[in-house]
Every structure is written in C-alpha cells, then in structure tokens.
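> curious how this folds, go ahead:
(one chain, ligands or ions: 1)
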Amino acid sequence: MDGSCIFLGLSPITFILVGIVLVLCYLYSTWTFSTFKKMGIPGPPPTPLFGNMLQIRKGMHTKEQEWIQKYGKVFGTYEGRRPVINFADPEICKQITVKHFSSFVNRRPVPLRGKPMDSNLTVLRGDQWKEVRNTLTPSFTAAKMKLMAPLINQCANDLVENMETHCKEEKTVKCKDLYGAFGMDSIASAGFGLDVSSQSQPGHPFVENAKEALKFTLLSPVMIIVFFLPFLVPIMNYFNMSLYPSKVVKYFSCVIEDAIAMRKTTKDINNQRIDFLQLMVNAHEVYDQHMANKDKEIDEDEGENKVDFVKDGPSSQIKLHKGFTEDEILAQSLMFFFAGYETTSSLMSFVSYNLATNPEAQERLQREIDDVISNSDDLGYNTIASMKYLDMVVMETLRMYPSSIRFNRQCNEDVNINGISIPKGMLVAVSIYSIHHDSDIYPDPEKFIPERFSKEEKEKRHPYAWIPFGAGPRNCIGMRFALMEAKIGLVRVLQKFTFEPCAETQIPPELGKMGLLTPLDGIKLGVKRRK
Ligand code: HEM
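Below you'll find the model as predicted:
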C-alpha cells in the first residue's frame, strides 16, 4: 500500500469527482423546487430527480383528487424538475383557453418527436399551428360530417354482425375490442378512403400497429430520458428518435403514402372522395402552386416573397394558406389515427357499461331510437343529432370518464390569471377529470345521471364545467367526428341488442393509471337480442 485511501477500487481523486458529480446532479434536479414557495402556491412536496412523478403511479386521476382536497383547486407540482401549475376550476379554464388564448397558444414542448411526427397538429406551435389548424378545420364541418355518415354506417354493419355472432354464441362481449375495430375502420374509411376491415380480421396489421403505437408507459427508457435527463434530448433528436415506435410510424407512413399517390392520380374532381386525406391532398396542390409561384416571384421581384400567410386568430374565417407538404399530410394522418382510436372506443365502451348497469336509462334510450328511426329511413348526421336523450347519455359518460384526464398549455408571456402571476415559459394544466368530478358542480359525481345534461340543467352550470374535448380555439379538432362515429355505432347496436352485466363485468370498472383514462379490462358485458 502506498498510503492512498482505496475504497471499492476507487482512488481518492475519482471518489471526490464522483461526489462532485452527485452533488451537481442533486442541485440540478432540485434547483427549481422553490418555484411555488416563492409564488405562494401550495402543493405536494417533490422528491429529488422525480419531482411528484412517483406519487402518480397509482393513477393520475385519483392522486389529483387527493391533492385538490389537501391544497385546493390551484396547486403546484413538479414533473421531474419542471414546475407545473394545476387548475381544477372552470372559470380559470375559460381564462386560459379563451380570454388569454394569445398567451397560451401552445402545449408543452414535446422534446422528442422525430420525422414526420414533428409536424403533427398536436405539437405544432405559434403561427405554424394556426396555419395547419386553419387548413384542417374545413374537413370537420357539419357539412363534411354529413357526407361521411354513410361511410361510418357501412362500418357499423360489421359491428352489428360481430355483436350478432357474440349473441348467438352467448359469448361475453369485450367492448373495447369490438368498438376499437369499428373505430379503426371508420377513421380509415371516412378519413382516408381505406378499406381495413379490421372487424372481420381482428389481427389485421393495421390494428396491431395502432395498438402498438398507443402502448404508452412513463417507465419506457425514452420517457425516462425526456423527464429526468432532458439535457440528453438534443442528442436523441440528432438521431431522429421519437416517442412513437419507428416500426409503427413506418407501417402507417407506407399505407398513407400509397393512398396519397392514388389520390394524386385521380384528377377528376367528381371522382374525388370528400375525406380528410383528399382535403389535405388538395391543400398540397396549393403548396406546389405556391412553390412554383414563389420561384416565379423570385425571378421577377428579385427575391421578394409576396404570399401572405394567415396571421389572424384561429377562430377567424379560413383564408389563404401555403398548403401542406407531403410530410405534413403524413403527420396529420397518423395523428388522426392515434388520437381517434383509443378515445372513441373507450367512450363507446363506457356508454355500453353505463347502460348495462342502468337498465332504465337503456330502455329510455332504446325507446328514443325506435321512435326517431321509425320516422326516418336513413341514419344520417341530422337523425343522430335529433336524438336528445342519446346526447345526454354520451355527455354524462364523457363527464364520468373523459379520455384525457387533463390538458396543458405553456405560457408565452408574463400574464395574470385570477390574481396569480404566471411567468413566461410556465406550464399550466387544466384537470378535466377533477372538474367533472367536483361535487359542488355535479352532486354525487360517481353516479350516472344523464338528466344532468338536460337543456335546463346545462344552463345552470358554468359553460366550462364540461370539457372532455378541451376548450377554446385549441380544443379537439376531431370532436364532431368522434361524437358522430360513436353515436352511429351505438344506435345501430342498441336498435337490435341490449347490454347486461355478466359474471365477468367489473363494477365499477378499473381504470388505466397512466396516459389516457381507459377501462383496464376492456369492459366485458353480456348482450342479448331485443324482442
Ligand atoms: C371521444 C373522443 C375524443 C376525445 C375525448 C378527445 C379529446 C381531446 C382533448 C382533451 C384534446 C386536447 C384539447 C385541448 O388541449 O384543449 C384533443 C386534441 C386533439 N384531438 Fe381529440 N379527442 C377525441 C377524438 C379525436 C378524433 C377522432 C380525432 C381525429 C380525427 C382527434 C384529433 C385531435 C387533434 C388533432 C387534437 C389536437 C388539436 C390542436 O392542437 O389543435 N381527436 N382531443
């Protein structure tokens, strides 16, 4: 021994260096933890490195309720080291999403995106978001929904046939699977003119890939880096790493690229389908023209670019836009699949569960369906819209089980909301679930009471007390489509069948703990043919 202290084979210098690195890591991970103390906002104490992330592992929705009980409807939490102000108040929701929209245009920055997902609507920011949103909005008008309704009805034929098989064989229906396949067929057909037939081929690669994309876990290596080691993100971006599995993105990219190529060859406007893809392809042609004109202008005006981009707010009329690049079309298409699949199938599953466990409500809805449909020979958009009780059932189900537990915005300038000074860059989250389960707004919030959504009852409440699709100009663009699809599917099934609880039905259903609020066992029910 030469006298130097050797411990675990480390020299004293290495030992000191490791110590310094650990202290620096500790300081780095806790540096921000005084933010809320300084702002006078209460909240649960954070843990070094993790912030409050470990506390939500038993379920974000239940933990949030506990925090609200303890700290009130405005409280601060830390995602890793990043501070987030949480709000569970309808008025503050309105202030953030509507009144002060220009200060809260963007969602949280998503550090790891990869091509082509980095240009999808959900993650775009500022003027880029406005342009893409304005281009997409005409695809979701009531007039477009009317044109898409027959395509969804076609997909509902397979759904009814599937129910029939389950009924005949007296098999338990796993709602999530049946509705998931129906949802996949609907968006593929009405959105992109693709015949996926996933209902007759449950193992279809299209469905398998969609499911794979939605396997979200906070404990995946990618998520751990994003939350806890964000300084490594630029390196991962350099390698084009994404939150979405590359195999899945590749699969959908091929499917959609083929569909785009087909559309571009269909020049005859009368033969063109009216769907999301066609509207985007048309916008792409605007892009091509824009690029051609731009070259001309550069020649003629020595570089002056004369094309105006949409500059005013997103609620304004649709105006000239630069059109879509092919990557942008791909990104929006993939996002529609991802955003619509899990959410809509969960909604339909929870409605079926609520009806099975509340037989009077199911009978009342079936009476309404029989009355309306016997007066109408097609199940179009207007027929569906005329079913008032159906609307109440769907709204109450979305209140109880909103697919997104919360939504977020990032503040882009210093702003004061209800006396709270929010600094530029701060993340804010609005808790949909907690507002929907606030017993001051909805007494007995765990009970299924569709009558809460009669016209008179709705008028008594704050307009932002029901926000399953978010709020303001950056709300869910697919809301009309999702509601139409879910209602057509449910009406077609309830015309012929009645749901009932069976031995395998979980009452109440156990809910997923991370990401979207989904039924863990997929909602298993008995189904019988109506007399
Ligand atoms: C029951 C079904 C659905 C629910 C509950 C739902 C819910 C939501 C919520 C809460 C948001 C965030 C809104 C905000 O930040 O204010 C959102 C955004 C979005 N949703 Fe949906 N969604 C559903 C179905 C769909 C469907 C079918 C599509 C596509 C066809 C879709 C596409 C999108 C997109 C693209 C955004 C981002 C909008 C933007 O940033 O401008 N969603 N959705």
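
> tell me who's in contact with the most centrally placed residue in the chain.
Centroid-nearest residue in the chain: A339, 4.8 Å away (criterion: C-alpha atoms, centre = their mean). Under the criterion of C-beta atoms under 8 Å, 6 or more residues apart in numbering, the neighbours of A339 are 122, 476, 478. To be clear about C-beta, it is placed using only N, CA and C from the backbone, and glycine gets the same treatment.

> now do the SS call for the closest residue to the second one other than its chain neighbours.
Okay, so that is C476. What sits nearest to C476 in space, not counting adjacent residues and going by C-beta to C-beta, 6 or more residues apart in numbering, is F469, at 3.8 Å. Secondary structure assignment for F469 (DSSP: H, G, I helix; E, B strand; the rest coil): coil.

> my read: F469 touches M479, true?
Yes. F469 lies in contact with M479 (C-beta atoms under 8 Å); the separation is 4.3 Å.

> on that earlier part again, now the residue nearest to C476: how far from V415?
24 Å (C-beta to C-beta, to the nearest Å).

> name the residues of the stretch 51-200 of the chain found near the ligand, please.
121-122, 133 (C-beta under 6 Å from any ligand atom).

> among these, which are in strands?
Per DSSP state E, strands hold no members of those.

> now pLDDT too, for those residues, in a markdown table please.
What follows is these, written out as a markdown table (pLDDT from 0 to 100):
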| residue | pLDDT |
| --- | --- |
| L121 | 92 |
| T122 | 90 |
| R133 | 92 |
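
> out of those, which are buried?
Using 16 or more other C-beta atoms under 10 Å as the burial test, those include 121-122, 133 as buried.

> off-centre distance for stretch 157-175?
28 Å (C-alpha atoms, centre = their mean, to the nearest Å).

> flag every buried residue along it.
158-159, 162-163, 166-167, 173-175.

> tell me the one of the residues you listed nearest the ligand?
Nearest to the ligand among these: C175, at 14.3 Å, using C-beta to the nearest ligand atom.

> could you verify my assumption that the closest one touches S346?
No. C175 sits out of contact with S346 when judged by C-beta under 8 Å, with a separation of 9.2 Å.

> overlap in contacts, the two.
In contact with both C175 and S346: P519, using C-beta under 8 Å, 6+ apart.

> still on that earlier bit, what sits against the residue nearest to C476?
475-476, 479, 482.

> against K528, how distant is it?
Taking C-beta to C-beta, one finds F469 at 33 Å from K528.

> is the helix ranked longest in the chain up against the ligand anywhere?
Ranked by number of residues, the top helix in the chain under DSSP state H is helix 326-356. Yes. Judged by C-beta under 6 Å from any ligand atom, helix 326-356 comes into contact with the ligand through 335-336, 339-340, 343-344, 347.

> where does the stretch 201-350 of the chain get nearest to the ligand, which residue?
For the stretch 201-350 of the chain, C-beta to the nearest ligand atom, closest residue to the ligand: G340, 2.9 Å.

> quick check: that residue touching R480?
No. Using C-beta under 8 Å, G340 is not in contact with R480, being 11.8 Å away.

> looking at the two, which has the bigger crowd around it?
G340 (21 against 17; other C-beta atoms under 10 Å).

> for that one, which non-adjacent residue is spatially closest?
I187 (5.0 Å).

> for stretch 60-79, list the C-alpha coordinates in PDB.
C-alpha atoms of stretch 60-79 as PDB (Å, rounded to 0.1, in the frame of the first residue of the first chain):
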ATOM      1  CA  MET A  60     -53.200  10.500 -12.100                       C
ATOM      2  CA  HIS A  61     -56.900  11.000 -11.700                       C
ATOM      3  CA  THR A  62     -57.200   9.700  -8.100                       C
ATOM      4  CA  LYS A  63     -54.000  11.400  -7.000                       C
ATOM      5  CA  GLU A  64     -55.200  14.700  -8.400                       C
ATOM      6  CA  GLN A  65     -58.400  14.500  -6.400                       C
ATOM      7  CA  GLU A  66     -56.400  13.900  -3.200                       C
ATOM      8  CA  TRP A  67     -54.200  16.900  -3.900                       C
ATOM      9  CA  ILE A  68     -57.200  19.100  -4.600                       C
ATOM     10  CA  GLN A  69     -58.700  18.000  -1.200                       C
ATOM     11  CA  LYS A  70     -55.500  19.000   0.500                       C
ATOM     12  CA  TYR A  71     -54.200  22.100  -1.400                       C
ATOM     13  CA  GLY A  72     -57.300  23.500  -3.200                       C
ATOM     14  CA  LYS A  73     -58.200  23.900  -6.800                       C
ATOM     15  CA  VAL A  74     -54.900  25.700  -7.700                       C
ATOM     16  CA  PHE A  75     -51.700  23.800  -6.800                       C
ATOM     17  CA  GLY A  76     -48.200  23.300  -8.000                       C
ATOM     18  CA  THR A  77     -46.400  20.100  -8.900                       C
ATOM     19  CA  TYR A  78     -43.100  19.100 -10.500                       C
ATOM     20  CA  GLU A  79     -42.700  16.800 -13.400                       C
END
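
> and that stretch, what's buried?
So stretch 60-79, judged by 16+ other C-beta under 10 Å, has buried residues 60-61, 63-65, 67-68, 71, 73-79.

> stretch 80-100 now?
Result for stretch 80-100 [16+ other C-beta under 10 Å]: buried residues 80-98, 100.

> where does pLDDT dip in the chain?
1-9, 111-114, 202, 214-244, 266-274, 284-323, 375-378 (pLDDT under 70).

> the strands in it, which residues?
74-79, 82-87, 173-174, 406-410, 415-417, 420-422, 427-431, 497-500, 524-529.

> now the angle from the second one to strand 427-431?
Orientation check (axes from the mean of the first three to the mean of the last three C-alpha atoms, to 10 degrees): strand 82-87 against strand 427-431 gives 40 degrees.

> show me what strand 82-87 pairs with in its sheet, parallel or antiparallel.
strand 74-79 (antiparallel), strand 427-431 (parallel) (DSSP bridges).

> relative to T357, which of those strands is closest?
For the strands paired with strand 82-87, the distance to T357 is smallest for strand 427-431, at 25.6 Å, taking C-beta to C-beta.

> how about residues contacting the closest one?
Counting by C-beta under 8 Å, 6+ apart, 64, 68, 79, 82-88, 92-93, 96-97, 104, 108, 405-411, 422, 467, 471 sit against strand 427-431.

> got a list of what P468 touches?
398-399, 402-404, 432, 436.

> name the residues of the stretch 201-350 of the chain found near the ligand, please.
Counting by C-beta under 6 Å from any ligand atom, the stretch 201-350 of the chain sits next to the ligand at 335-336, 339-340, 343-344, 347.

> whichever of these end up buried, select them in PyMOL.
Remark: buried members of these, expressed as a PyMOL selection using 16+ other C-beta under 10 Å:
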select buried, resi 335+336+339+340+343+344+347
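
> export the residues of the stretch 201-350 of the chain next to the ligand as JSON lines, with columns for distance to F453.
Converted to JSON lines, those look like this (distance: C-beta to C-beta, whole Å):
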{"residue": "M335", "distance to F453": "29"}
{"residue": "F336", "distance to F453": "27"}
{"residue": "A339", "distance to F453": "24"}
{"residue": "G340", "distance to F453": "23"}
{"residue": "T343", "distance to F453": "19"}
{"residue": "T344", "distance to F453": "19"}
{"residue": "L347", "distance to F453": "15"}
